[in-house]
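Asks: Please find the sequence and the predicted model below.
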Amino acid sequence: MRSLLRIYKNLKPFTLLILGAFLLQYLQVSANLELPTLMANIVNNGIMAGNISYIWNEGFYMLLIAGGGIVCAIFASLLAARAAMGLGRNIRSKFFTHVESFSL
């Protein structure tokens, strides 16, 4: 438990990166969950009614949402990787400094 608290203390400088990664991940999941609803709308309102322009408009909207989800996923991964690399760098630096303080 004590070591876990030390890790949390070392995560403090990366709070914004972690929050950004969570927010972007949330947006990506929301985009993915919206796509089946749009597909159902295409089937119900476009295909059944024979409305070709509605199908094209909703399809274009689906592409935009899917593209936004992809962009959010990429940037969420980038932010999470930066936070993880920074945490690893800081822990290695503290560990190395501690080991260097030992007597010969």
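Replies: Received, thanks.
Asks: Confidence-wise, which helix or strand of this structure is lowest on average?
Replies: helix 2-10 (a mean of 80; mean pLDDT, DSSP states H and E).
Asks: Please put the alpha-carbon coordinates of it into PDB.
Replies: Output of helix 2-10 as PDB, limited to C-alpha atoms (Å, rounded to 0.1, in the frame of the first residue of the first chain):
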ATOM      1  CA  ARG A   2       2.800   2.300   0.900                       C
ATOM      2  CA  SER A   3       4.500   1.800  -2.500                       C
ATOM      3  CA  LEU A   4       1.200   2.500  -4.300                       C
ATOM      4  CA  LEU A   5       1.000   5.800  -2.500                       C
ATOM      5  CA  ARG A   6       4.500   6.700  -3.700                       C
ATOM      6  CA  ILE A   7       3.500   5.900  -7.300                       C
ATOM      7  CA  TYR A   8       0.400   8.100  -7.000                       C
ATOM      8  CA  LYS A   9       2.600  10.900  -5.600                       C
ATOM      9  CA  ASN A  10       4.900  10.500  -8.600                       C
END
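Asks: which other helices and strands contact the helix or strand containing H98?
Replies: Element membership of H98, judged by DSSP states H and E, is helix 52-100. The criterion is 3 or more CB pairs under 8 Å, 6 or more residues apart in numbering; DSSP states H and E, and the helices and strands that helix 52-100 contacts are helix 2-10, helix 15-41. (Each C-beta comes from the backbone N, C-alpha and C, glycine too.)
Asks: Comparing those, which comes out most buried?
Replies: Of all the helices and strands packed on helix 52-100, helix 15-41 has the most neighbours on average by mean count of other CB atoms under 10 Å, namely a mean of 15.
Asks: Quick one: mean pLDDT for it?
Replies: Here helix 15-41 scores 96 as its mean pLDDT.
Asks: Equivalent analysis for stretch 92-104, please.
Replies: 91.
Asks: so how far is it off the chain centroid?
Replies: 35 Å (CA atoms, centre = their mean, to the nearest Å).
Asks: Repeat that for stretch 51-59.
Replies: 30 Å.
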